[in-house]
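Asker: Okay, sequence plus prediction incoming.
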Amino acid sequence: MLIKRSPNGIDLPFSSEITPREMYESRRNFMKQVAVGAAALGGMHEAFAQNGPKLAATLNPAFSAMDKHTAYKDATTYNNYYEFGTDKSEPAIYAGSLKTRPWTVSIEGEVKKPMTLDLDALLKLAPLEERVYRLRCVEGWSMVIPWIGYSFSEIIKKVEPTGNAKYVEFVTLADKKQMPGVGSRVLQWPYTEGLRIDEANHPLALLTFGMYGDVLPNQNGAPVRMVLPWKYGFKSAKSIVKIRFVKDQPRTSWNLSAPNEYGFYSNVNPDVDHPRWSQASERRIGEDGFLARKRKTLMFNGYADVAPLYAGMDLKKFY
Ligand code: MTE
């Protein structure tokens, strides 16, 4: 379990927001009972409501926020996935064309044991956990989603990085035939993201296969993506095909397109404004009014346990 207080005595809001297992499970049982009705109202995932979870995972309460879950319908119809269009509604409309099986991920670069794994091998690499994470988009909105996956550190253990591996690069699928947005020049394809290796090794960094008890819907990054809850949402690359351990800091798609707006680190930070808007507050999708930003954004999105990763760094410079 994550510690309650950091060594310098600052409160760690994430740890204080843990949902006790009993509470979560009784809430879940209750939700199952009302699920069919809720699904009819569009408030919940219909398959889960009718059949129970399709991707079995054990809840990790130590890594789960207490916040109310975003409705499944909102989480799956208000998306950023530029390979399927730049409008929030487009990924849900067009991502049906994405073929998620067969799927392989190649893990290569500065590792002693490079490997190419198919989806089933990846799924079996470590026990699946359910973790309720807040995800804060750089645009000023946030969601709370019960994700399913395991810590990316499990991959690091398996492939044994060499001493030269300082960063991890995530490369995602860019196939014009399946992804209508890849023809556009809005970003450089493939969509690429990166982390410092110690960030990738932090237990919060989740290699993610599912959400709301089921596999990921295509528009949310099927069949496998990252979820990095302390960073702006764009760091969490969807539909990953290649993971490269590298010596030098990788270039990333958003940094290439607007370097003064999107830095390599992109940690959620209410004190560092985006050049075109403030990051001090946010709007929780489905809860706060459509236009108004209602809640204060927390440093590292409330996941203060990651603070030691950035000790001594000027986070205004390394935005
Ligand atoms: N991954 C790819 N491949 N393409 C994208 O356009 N958008 C990012 C991120 N991952 C994106 C991506 C952005 S800006 C956000 S906010 C999150 O995905 C959104 O994830 P969600 O749709 O599951 O909420």
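Answerer: Happy to help now that I have it.
Asker: Show the pLDDT at Cys33.
Answerer: Residue 33: Gln, not Cys. pLDDT recorded at Gln33 is 43.
Asker: any idea what sits nearest the residue of the stretch 151-300 of the chain found nearest the ligand, other than its immediate chain neighbours?
Answerer: Residue nearest to the ligand within the stretch 151-300 of the chain: Gly233 (2.6 Å; CB to the nearest ligand atom). Where you see a C-beta, it was placed from the backbone N, CA and C, and this is true even at glycine. Spatial nearest neighbour of Gly233, excluding adjacent residues (CB to CB, 6 or more residues apart in numbering): Cys137 at 4.2 Å.
Asker: which residues does the residue most central in space within the chain contact?
Answerer: Taking CA atoms, centre = their mean as the criterion, Val227 is the residue nearest the geometric centre of the chain, at 2.0 Å. Applying CB atoms under 8 Å, 6 or more residues apart in numbering to Val227 gives the contacts Tyr133, Leu135, Trp147, Gly149, Ala205, Leu206, Thr208, Ser236.
Asker: which residues of the stretch 51-200 of the chain fall in strands?
Answerer: Along the stretch 51-200 of the chain, counting by DSSP state E, counting those that start in this stretch, strands occupy 58-59, 104-109, 115-118, 129-136, 141-151, 167-172, 192-196.
Asker: can I get those in JSON lines with mean neighbour count?
Answerer: Output for the strands of the stretch 51-200 of the chain, formatted as JSON lines (neighbours: other CB atoms under 10 Å):
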{"stretch": "strand 58-59", "mean neighbour count": "14"}
{"stretch": "strand 104-109", "mean neighbour count": "17"}
{"stretch": "strand 115-118", "mean neighbour count": "15"}
{"stretch": "strand 129-136", "mean neighbour count": "23"}
{"stretch": "strand 141-151", "mean neighbour count": "23"}
{"stretch": "strand 167-172", "mean neighbour count": "23"}
{"stretch": "strand 192-196", "mean neighbour count": "22"}
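Asker: Can you get me a residue count around the closest residue to Asp214 other than its chain neighbours?
Answerer: Of all residues not flanking Asp214 in the chain, Lys54 sits nearest, at 4.4 Å (CB to CB, 6+ apart). When neighbours are counted by other CB atoms under 10 Å, Lys54 registers 14.
Asker: ok, now how distant is Lys54 from Thr208?
Answerer: Lys54 sits 15 Å away from Thr208, going by CB to CB, to the nearest Å.
Asker: Can you pull the residues of the stretch 101-250 of the chain lying near the ligand?
Answerer: Residues of the stretch 101-250 of the chain lying close to the ligand (CB under 6 Å from any ligand atom) are 135, 137, 143, 172, 191, 220-221, 233-234, 236-239.
Asker: possible to save those residues as TSV with pLDDT?
Answerer: Converted to TSV, those look like this (pLDDT from 0 to 100):
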residue	pLDDT
Leu135	98
Cys137	98
Met143	98
Thr172	98
Tyr191	98
Asn220	98
Gly221	98
Gly233	98
Phe234	98
Ser236	98
Ala237	98
Lys238	98
Ser239	98
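Asker: Most neighbours among those residues, which one?
Answerer: Lys238 (30 neighbours).
Asker: That residue is in what secondary structure piece?
Answerer: Using DSSP states H and E, Lys238 sits in no helix or strand.
Asker: check contacts around it.
Answerer: With contacts defined as CB under 8 Å, 6+ apart, Lys238 is in contact with Tyr81, Thr172, Tyr191, Asn220, Gly221, Ala222, Arg225.
Asker: ok, 7 Å please
Answerer: For Lys238, the contacting residues are Tyr81, Thr172, Gly221, Arg225, by CB atoms under 7 Å, 6 or more residues apart in numbering.
Asker: quick one, helices of the stretch 1-150 of the chain?
Answerer: 13-16, 21-40, 46-51, 72-77, 90-94, 119-124 (DSSP state H, counting those that start in this stretch).
Asker: Worst mean pLDDT among these?
Answerer: Of all these, helix 13-16 has the smallest average pLDDT, which comes to a mean of 34.
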